[in-house]
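Undergrad: Sequence and computational prediction follow.
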Amino acid sequence: MPPIIRVENLGKCYRIHHESRERYTALRDVIARKAGGFLEKLKFGKQKAEIQNAEGHDPSLLSQFPISAFHGGSATEDFWALKDVSFEVNQGEVVGIIGRNGAGKSTLLKILSRITEPTKGRITLNGRVASLLEVGTGFHPELTGRENIYLNGAILGMTKAEIKSKFDEIVAFAEVERFLDTPVKRYSSGMYVRLAFAVAAHLEPEILVVDEVLAVGDAEFQKKCLGKMGEVARGGRTVLFVSHNMSAVMNLCDSGILLRNGCLTFSGGISQTVSEYLALAEKTSGFLTSGNIRSGDRKVFIQDMKFMPENPVTGDSVKVVFELMREDAFPEIMSVDVAIGFFTETGDKVLQVYSVDTHSSFGLREGRTILELKIDRLPLTPGDYRLNVWIGSGGIVHDWIQNGYLLTVGPGGFVEGRVVGNHGYSVVLPGEWNAQHPIV
């Protein structure tokens, strides 16, 4: 049986324009620039004629005049988002496509979904493709949720009867019954994603393409989506899944493709692909390591963060110092809460420290605030951990940095002279043990 997806020497090039111009340009500046350009052209034409009419004319003299100046000082650069990528996917395979930000993952999925044309190469798809790439992709904002379900089904080549048979299942999965006849432009991003995924997964495409967009949904919905993708795969359909959550990738996928700087650097079993990805990761401890994702209204933001000691060991007394910055003065005092989430390199949640569990909210004034957190005995076993850092007020997110800090924990213990091993676990507690002999 031929592969359901065949990609041969695929390349995608974008032309980037660089222009040296002011950030703000007034109308008088535009008029003056155009007039200057016109006069320069007249001057150049006159000098060119003089050269051509001169005795002993040398055509090379024309190179003295910079024709590129007439393009407003702009320059172009070719950027290859994908370069000579080739692979095959068989029917029923679940393939994880992984790589750092900017590796070319989303570009590849857009080409496979026929949203973007490749610059070179060839793609063969032997089946219908349903894609969930970005919030709103494939939906018409003016149409209602009900109308968009039928529109998407029609785009996939399904009949009205086929769509109708799946309609109730789609609506139940998306949990948008109350807003079914509301234009989707009024949906929140979470509602948008729930409906888009439900449509893509339930209309029975041969190939399901899912990008990191699932990160928009809540944890319960993400779990629901992963379960549905597993069900789709067990039904013999093909799934291409892009995610930075290595735990989800390893649980769902059979094989993997690793992209780096637009090139395919490894393909094979998912465990080995993830290992190759982690081996490429930058191992520099500290705040704001590369690969972070940041969001929030930034009314208060984390300017810096430090662990003391910088490379702690299991059982250490640890101090975490936050430098918070607030740039507005209204209200005079703003109450905020802070949280840290500890994740393994593969994306498994292992530990959370949340200020509201032990402390009332912190009142911040305008300017810089230093906040300290003390952990008496660090319960993490040796290894590398990625930290998510959050600061907010109630349900409002001011600054949320995913992969905001890379922490390496060394071997140590809670008792001097003893070293804790991980034994396959990330968190260890210093329990007290006591044995009593039975009375005979």
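TA: Arrived safely, thanks for sending.
Undergrad: Can you find the helix or strand of the chain with the lowest average pLDDT?
TA: Of all helical and strand segments in the chain, the minimum by mean pLDDT, DSSP states H and E falls on helix 27-53, at a mean of 57.
Undergrad: helices and strands around the next helix or strand after that one, which ones?
TA: Per DSSP states H and E, the first helix or strand lying C-terminal to helix 27-53 is strand 75-89. When contacts are defined as 3 or more Cβ pairs under 8 Å, 6 or more residues apart in numbering; DSSP states H and E, strand 75-89 packs onto strand 5-18, helix 105-112, strand 120-125, strand 263-269. Where you see a C-beta, it was placed from the backbone N, CA and C, and this is true even at glycine.
Undergrad: Can I get these in a markdown table including mean neighbour count, distance to V415 and mean pLDDT?
TA: Putting the helices and strands packed on strand 75-89 into a markdown table (neighbours: other Cβ atoms under 10 Å; distance: least, Cβ to Cβ, whole Å; pLDDT from 0 to 100) gives the following:
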| stretch | mean neighbour count | distance to V415 | mean pLDDT |
| --- | --- | --- | --- |
| strand 5-18 | 15 | 55 | 87 |
| helix 105-112 | 23 | 46 | 90 |
| strand 120-125 | 14 | 60 | 93 |
| strand 263-269 | 16 | 40 | 94 |
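Undergrad: Looking at those, spot the one closest to T238.
TA: Nearest to T238, of all the helices and strands packed on strand 75-89, is strand 5-18, at 7.0 Å by Cβ to Cβ.
Undergrad: Run me through the strand neighbours of the closest one, direction for each.
TA: For strand 5-18, the paired strands and their directions (DSSP bridges) are strand 75-89 (antiparallel), strand 120-125 (antiparallel).
Undergrad: what helix or strand does T346 sit in?
TA: Assigning secondary structure by DSSP H and E places T346 outside every helix and strand.
Undergrad: Same question for N152.
TA: helix 145-155.
Undergrad: in that helix, what counts as buried?
TA: Buried residues in helix 145-155, counted by 16 or more other Cβ atoms under 10 Å: 145-153.
Undergrad: And the contacts of it?
TA: With contact meaning Cβ atoms under 8 Å, 6 or more residues apart in numbering, helix 145-155 is reached by 130, 138-140, 143, 160, 162-163, 166-167, 170-171, 174, 176, 179-182, 184, 187, 195, 199-200, 203.
Undergrad: Next secondary structure after that helix?
TA: helix 160-174.
Undergrad: and the angle from that following helix to helix 145-155?
TA: Put simply, helix 160-174 runs at 130 degrees to helix 145-155, going by axes from the mean of the first three to the mean of the last three Cα atoms, to 10 degrees.
Undergrad: May I have helix 160-174 as CSV, with CA atoms only?
TA: The C-alpha trace of helix 160-174 is given here as CSV (Å, rounded to 0.1, in the frame of the first residue of the first chain):
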residue,chain,number,x,y,z
LYS,A,160,-25.2,17.4,4.1
ALA,A,161,-26.6,14.1,5.3
GLU,A,162,-23.1,13.0,6.4
ILE,A,163,-22.6,16.2,8.3
LYS,A,164,-26.0,16.0,9.9
SER,A,165,-25.3,12.5,11.2
LYS,A,166,-22.2,13.8,13.1
PHE,A,167,-23.8,17.2,14.1
ASP,A,168,-25.0,16.4,17.6
GLU,A,169,-21.7,14.6,18.4
ILE,A,170,-19.7,17.7,17.3
VAL,A,171,-21.8,20.1,19.4
ALA,A,172,-21.7,17.9,22.5
PHE,A,173,-17.9,17.5,22.3
ALA,A,174,-17.4,21.3,21.8
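Undergrad: Fine, thanks again, bye for now.
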